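Colleague: No sequence on hand, only this structure:
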């Protein structure tokens, strides 16, 4: 299946197909130098499969984990492109999860003011969410995604066969992002999480999630308005990650925690059983005041106000700008 994404700065195709990794040479222009960026947690055969289809591949394997998404790794990738004689006509391909996609994409956006970038996500989270939309970034001074750019990929390959090697916790971590999108935009998808066989329907979940995000990104590429709905649950999530030193909880687990206070009691009573079904957390040891302090650095802050997404009915949302102090009281009331 080909899902075209059309934006104001152009467009690109998402190739959604089991076995697509072995067809990378058909879908991508790999007849040039290609920096293939992956990490130690990704089976090495995935990057090697892509490399076999390149004219001049260079595989760079970084340590697994959020700590890799830093300035030092960014600088390392740039130095490798200089070392290998990359020019504007060459490309970068990310093979891995959201950390690798964000980091490699930002390096591609920055080298020579931008070279072609391909995203080949191999985790649930990156396949349903972070691989499309054009946001690339690194973490800095303890704050997540605070340095980055909008830089869409030239193409995305999604091969759900790569999910067979993922631990169960990583699968649940990624599905949190899909639950997020179902709450704001797709009642039927949320009902699948409540009652359906999730493993049997993983391809349907990926496709539905991609279509939700595509519809939003096509209308609002650079988060001028509508795209902010994709931040549902993320205001608290990023704060929890910052205070959690971004190592004990995965991103999707923090998103799960971040969604709960943003829902009405009716929705919350349906959401918590879904999170429990997916073995996602529903409480945190991080205090409300600690989270609130970290949120003051959130990119969604505008002066003393913050834009938040609320879900009062499954499948719908309310975007609301409120004074930060009032929002903080809401969080204290929910988290204590």
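Modeller: Thanks, I have it. Treat the numbers as computed from the prediction; the structure is a model and nothing was measured.
Colleague: In the stretch 101-250 of the chain, mark out all the helices, start to finish.
Modeller: In the stretch 101-250 of the chain, the segments counted as helices under DSSP state H, counting those that start in this stretch are 124-125, 168-185, 187-195, 202-219, 234-243.
Colleague: most packed of these?
Modeller: Greatest average neighbour count among the helices of the stretch 101-250 of the chain goes to helix 124-125 (a mean of 27), per mean count of other C-beta atoms under 10 Å. Every C-beta, even on glycine, is put in place using the N, C-alpha and C of the backbone.
Colleague: That one - contacts with which helices or strands?
Modeller: Helix 124-125 makes packing contacts with helix 168-185 when contacts are defined by 3 or more C-beta pairs under 8 Å, 6 or more residues apart in numbering; DSSP states H and E.
Colleague: what's the average pLDDT for the helix it packs on?
Modeller: Averaged across helix 168-185, pLDDT comes to 95.
Colleague: Low-confidence stretches in the stretch 151-300 of the chain?
Modeller: 220-227, 244-247, 297-300 (pLDDT under 70).
Colleague: Touching, residue 112 and residue 87? I think so.
Modeller: Yes. The pair residue 112 / residue 87 is scored as a contact, 7.2 Å apart, by C-beta atoms under 8 Å.
Colleague: So between these two, which is more surrounded?
Modeller: Neighbours per residue (other C-beta atoms under 10 Å) separate residue 112 from residue 87, with residue 112 holding more: 14 against 11.
Colleague: I'd like the distance between the more buried one and residue 93.
Modeller: Separation of residue 112 from residue 93 (C-beta to C-beta, to the nearest Å): 17 Å.
Colleague: returning to what we had before: out of the helices of the stretch 101-250 of the chain, nearest to residue 325?
Modeller: helix 234-243 (14.8 Å; C-beta to C-beta).
Colleague: which other helices and strands contact the following helix or strand past the closest one?
Modeller: Per DSSP states H and E, helix 234-243 leads on to helix 251-259 as the next helix or strand towards the C-terminus. Under the contact criterion of 3+ C-beta pairs under 8 Å, 6+ apart, helix 251-259 touches helix 168-185, helix 234-243.
Colleague: Check which element follows helix 251-259 along the chain.
Modeller: Downstream of helix 251-259 (by DSSP H and E), the next one is helix 265-277.
Colleague: Any buried residues in that following helix, and which?
Modeller: By 16 or more other C-beta atoms under 10 Å, the buried positions in helix 265-277 come out as 267, 268, 271, 272, 274, 275.
Colleague: So which of the residues you listed is the closest to residue 329?
Modeller: Minimum distance to residue 329 across the buried residues of helix 265-277 is 17.7 Å, recorded for residue 268 (C-beta to C-beta).
Colleague: Which residue, other than its chain neighbours, is closest to the closest one?
Modeller: residue 260 (6.1 Å; C-beta to C-beta, 6 or more residues apart in numbering).
Colleague: returning to that earlier point: now the helices of the stretch 101-250 of the chain in a markdown table, please, with extra columns for distance to residue 6.
Modeller: Below are those laid out as a markdown table (distance: least, C-beta to C-beta, whole Å):
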| stretch | distance to residue 6 |
| --- | --- |
| helix 124-125 | 24 |
| helix 168-185 | 19 |
| helix 187-195 | 23 |
| helix 202-219 | 6 |
| helix 234-243 | 25 |
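Colleague: What mean pLDDT does stretch 85-102 get?
Modeller: 96.
Colleague: Would you mark the buried spots in that stretch?
Modeller: If you call a residue buried by 16+ other C-beta under 10 Å, then stretch 85-102 has these buried ones: 86, 90-102.
Colleague: How far off centre is that stretch?
Modeller: 16 Å (C-alpha atoms, centre = their mean, to the nearest Å).
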